[in-house]
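1. 3D model of this:
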Amino acid sequence: MMDIYVFTLFPEMFKGVLENSMLKIAREKSSLNIHLINFREFSMMKHKNVDDSPYGGGAGMLLKPDPIYSAVESIYPGGGKIVLMTPQGKKYDQNMADILAKEDRLAIICGHYEGYDERIRMLADNEISIGDYILTGGEIPAMVIIDSVARLIPGVLGEAESSIHDSYTNGLLEYPQYTRPRNFRGMEVPEVLISGNHKQIERWRRKESLRKTMLRRPELLEKIDFNKEDKVIIEEIKIEEKITND
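-> All right, here's what the predicted structure looks like:
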């Protein structure tokens, strides 16, 4: 069981995501508990302001440190990492999801407005970005973290191997998959998948996973230590796809 505490100005944004599909099931099973905390409630200002203009001038407004510190220190029991969602953070990947999923508790702080008072960063163990682009706030990135972490919690997915074969889990993009009908508008399911030869099926899946990664995300291959059979398969793919070593 895992507890995730989300500190946000817009807790209502999470309702649709948390009340559907896998996350709904995970919460019903008590495999995952989500605590939504509006840190505006911890503002000491008369009108519950949580932002102010930056010292030294400049555009936009910054989140003040005191409401966020008060919220985290009052609500979060500790015992797990505190993550700050920010475009300045380390880019999120499957390895980070694996690491966070091992925590019993996780706190996620969602930014908004122009950014954070720099002192808020002192609260966080990690700063995370989900990509090189700007969003209105940290709520949608936080949903990405929750979804990717929740599916790694034991018992959340229907089958134990479901997450093992997902794209990026083994460093490669996932191989193509098919279901009925066998022939759809002239597009046939590959013969090997209905052959019953499990050894050939596994080799085909590995080859197509390598092929897809080589053609779509070749930079991922640089991180993988290939075995002898992989190297043979890669040479086959290069010949088939007319890929040169130049």
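
2. for this protein, list the residue farthest from the centre, please.
-> With C-alpha atoms, centre = their mean as the measure, the chain has its most outlying C-alpha, relative to the mean C-alpha position, at K46: 37.4 Å.

3. just for this structure, where's the confidence low?
-> Within the chain, the segments meeting pLDDT under 70 span 158-169, 246.

4. which residues of it fall in helices?
-> Counting by DSSP state H, one finds helices in the chain at the ranges 15-18, 21-28, 65-75, 94-101, 139-150, 198-216, 228-240.

5. right, and the ones you listed - which one's nearest A124?
-> Ranking the helices of the chain by proximity to A124 (C-beta to C-beta) places helix 65-75 first, at 9.6 Å. All C-beta atoms are positioned from the backbone trio N, CA, C, and that covers glycine.

6. list the buried residues for the top strand by length along the chain?
-> Ranked by residue count and defined by DSSP state E, the top strand of the chain is strand 81-91. Buried positions in strand 81-91, judged by neighbour count with 16 or more other C-beta atoms under 10 Å: 82-87, 89.

7. let me have those in a markdown table, extended by distance to S148.
-> Converted to a markdown table, the buried residues of strand 81-91 look like this (distance: C-beta to C-beta, whole Å):
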| residue | distance to S148 |
| --- | --- |
| I82 | 18 |
| V83 | 12 |
| L84 | 17 |
| M85 | 13 |
| T86 | 17 |
| P87 | 18 |
| G89 | 15 |
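
8. could I get the contacting residues of the residue farthest from the centre of the chain?
-> Shown in contact with K46 (C-beta atoms under 8 Å, 6 or more residues apart in numbering): no residues.

9. likewise for G115?
-> In this structure, G115 makes contact with 60, 62-63, 86, judged by C-beta under 8 Å, 6+ apart.

10. same thing with V156?
-> When contacts are taken as C-beta under 8 Å, 6+ apart, V156 is in contact with 22, 25-26, 29, 31-32, 150.

11. do D98 as well
-> Contact partners of D98, counting by C-beta under 8 Å, 6+ apart, are L152.

12. what two of the buried residues of strand 81-91 are the furthest from one another?
-> Greatest spacing in the buried residues of strand 81-91, by C-beta to C-beta: I82 and P87 (17.9 Å).

13. right, I'll leave it there.
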